[in-house]
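Asker: Kindly return the folded structure for what I paste below:
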Amino acid sequence: MKNKSLKVITSWLLVSVISFAAQAAEEVRLKHAHFTPYFENGFDSAELEGAVEVKNIGPNKQVWLHYQTASGEWLDHPAFYVGASHSGYENFAFRLPLEGSVAATQFAIKYQVNGQIYWDNNQQQNYQFNDYQQTNLAHQAVALDDAYRASSLITLTARARSQSSEDKVTMVYSDNNFQTSYRKELSLSHIVADEHGLSGVWSGQQYIEYYRHISFYLEYSDGQTSHVDNYYGKNYRLFDTGEKLGQGPLLQRYPQVYFRGGPTSWNSIPMTLIDDYTWSIVVYFDGTTDYKFDVYDDWSRNFGDNNNDGIADLNGANLTVNSAGSTRITFNSLSGAYQATLLH
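Answerer: Residues are numbered from 1 along each chain as shown. Here you go, the predicted structure:
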């Protein structure tokens, strides 16, 4: 597929697209996507984010963002599992930083399951964004763009449908698992074109004491109806200073990975993204101690190792460090490779 547009494709893929065209809306569909070009030195970088819904027709599945680079090459970038959708469907999400002179991009969604490939390629036209048309909110009214925590200051941006002068986007947050909650209205920054009309870019800041672990979701209202983006039931989380969602130049499969183990009494500690797909943390071990990797900080998607081959397995057995001292733990969320290196 490299160096070929989806509009001009090899015969075998053309057969696949035609064969699955009638099924695409049922088997896989783009829920929302947004494109952010950065203008610091012209169009020198951008990011593409979104979510996908697929029909759960087999246990071993892969969902890919199939996109065109600034040089014209076509590549695949993995979407990551988020959680169940409505009956028989699952949600996947993707975030892709794009480097180079990215003034525009086009993409499609590829879903592989049971030896078959299904496409959502916008009825064989591809999805296309540029500096003017930046969103597609066909099946989701509001979506988080970026969020960042710097000590006691939380800054975030969001995208939402632009329906009327009554439009409102609110951050609803809590530090006690929503036994109580607080509300912060965002401000409309500007309007961009959406494939289905217009959408607004909203932003805001909120001071919250640095020691409070915050969960939040977004609520959009057009004055008549309300919609939420609660990360498909998980809510978004910003626990510690420096944590961010949807930002940075590195490729990542998951928005965050957490370390859990004996050194932390099995409490979660966020790891740091240090390279494409690669997370790292330095932990002090006092001897033979177990640990695991946790994606959503709720054990719903965690990794161990069933056969001690250095490749993490989903829901695998506990990992073990057999020496005492400060140890650097790394985990590649794309390949599953992990390593524990004693520092001193």
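Asker: And for Leu251, the neighbour number?
Answerer: Burial of Leu251 is recorded as 17 neighbouring residues (other Cβ atoms under 10 Å). Every C-beta, even on glycine, is put in place using the N, C-alpha and C of the backbone.
Asker: Likewise for Gln112?
Answerer: For Gln112, the count of nearby residues is 17 (other Cβ under 10 Å).
Asker: measure it to Gly88 for me?
Answerer: Gln112 sits 18 Å away from Gly88, taking Cβ to Cβ, to the nearest Å as the criterion.
Asker: cool, and Ser101?
Answerer: Applying Cβ to Cβ, the value for Ser101 to Gly88 is 42 Å.
Asker: Make sure Glu26 is indeed in a strand.
Answerer: No. Counting by DSSP: H, G, I helix; E, B strand; the rest coil, Glu26 is not found in a strand; it is helix.
Asker: Skip the chain neighbours and tell me the closest residue to it.
Answerer: The shortest distance from Glu26 to any non-neighbouring residue, by Cβ to Cβ, 6 or more residues apart in numbering, is to Lys55 (6.2 Å).
Asker: which residues sit in contact with that neighbour?
Answerer: With contact taken as Cβ atoms under 8 Å, 6 or more residues apart in numbering, Lys55 is in contact with 26-28, 88-89.
Asker: what does Glu219 give?
Answerer: Residues near Glu219 by Cβ under 8 Å, 6+ apart: 142, 169-170, 172, 226-228.
Asker: Output those as JSON lines; include the columns distance to Ala79 and neighbour count.
Answerer: JSON lines is the format used below for the contacts of Glu219 (distance: Cβ to Cβ, whole Å; neighbours: other Cβ atoms under 10 Å):
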{"residue": "Val142", "distance to Ala79": "20", "neighbour count": "25"}
{"residue": "Val169", "distance to Ala79": "25", "neighbour count": "26"}
{"residue": "Thr170", "distance to Ala79": "28", "neighbour count": "21"}
{"residue": "Val172", "distance to Ala79": "26", "neighbour count": "17"}
{"residue": "Ser226", "distance to Ala79": "27", "neighbour count": "13"}
{"residue": "His227", "distance to Ala79": "22", "neighbour count": "15"}
{"residue": "Val228", "distance to Ala79": "21", "neighbour count": "16"}
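Asker: Using CSV, lay out these together with pLDDT and secondary structure.
Answerer: Shown next, in CSV, are these (pLDDT from 0 to 100; DSSP: H, G, I helix; E, B strand; the rest coil):
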residue, pLDDT, secondary structure
Val142, 95, strand
Val169, 97, strand
Thr170, 98, strand
Val172, 97, strand
Ser226, 94, strand
His227, 95, strand
Val228, 95, strand
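Asker: And for Tyr148, the neighbour number?
Answerer: Neighbour count for Tyr148, taken as other Cβ under 10 Å: 19.
Asker: and Gly58, how many neighbours?
Answerer: There are 11 residues near Gly58, going by other Cβ under 10 Å.
Asker: wait, Ser165
Answerer: 7.
Asker: show me where the chain has helices.
Answerer: All helices of the chain, identified by DSSP state H, fall at 11-27.
Asker: could the contacts of Glu219 go into a markdown table alongside distance to Val82?
Answerer: Output for those, formatted as a markdown table (distance: Cβ to Cβ, whole Å):
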| residue | distance to Val82 |
| --- | --- |
| Val142 | 16 |
| Val169 | 21 |
| Thr170 | 22 |
| Val172 | 19 |
| Ser226 | 21 |
| His227 | 17 |
| Val228 | 15 |
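Asker: Which pair of the residues you listed spans the longest distance?
Answerer: Taking Cβ to Cβ as the measure, the contacts of Glu219 span a maximum distance of 12.5 Å, between Val172 and His227.
Asker: would you put the C-alpha positions of stretch 26-37 in CSV?
Answerer: Taking C-alpha atoms only, stretch 26-37 is exported to CSV below (Å, rounded to 0.1, in the frame of the first residue of the first chain):
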residue,chain,number,x,y,z
GLU,A,26,-21.8,-2.1,9.8
GLU,A,27,-18.4,-3.6,10.5
VAL,A,28,-16.3,-0.4,11.0
ARG,A,29,-17.0,3.3,11.1
LEU,A,30,-15.1,6.5,12.0
LYS,A,31,-16.9,8.0,15.1
HIS,A,32,-15.0,11.3,15.0
ALA,A,33,-11.6,12.7,14.0
HIS,A,34,-9.8,16.1,14.2
PHE,A,35,-6.7,17.5,12.6
THR,A,36,-4.5,20.2,14.1
PRO,A,37,-1.8,21.8,11.9
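Asker: Next, the buried residues of it.
Answerer: Residues 27-37 are the ones in stretch 26-37 that count as buried (16 or more other Cβ atoms under 10 Å).
Asker: From these, which land in strands?
Answerer: The members of the buried residues of stretch 26-37 that map onto strands under DSSP state E are 28-37.
Asker: is the residue nearest to Glu26 in a bridge, and if so with what?
Answerer: Tyr89 (DSSP bridges).
Asker: likewise His227?
Answerer: Note on His227: beta-bridge partners by DSSP bridges are Tyr220.
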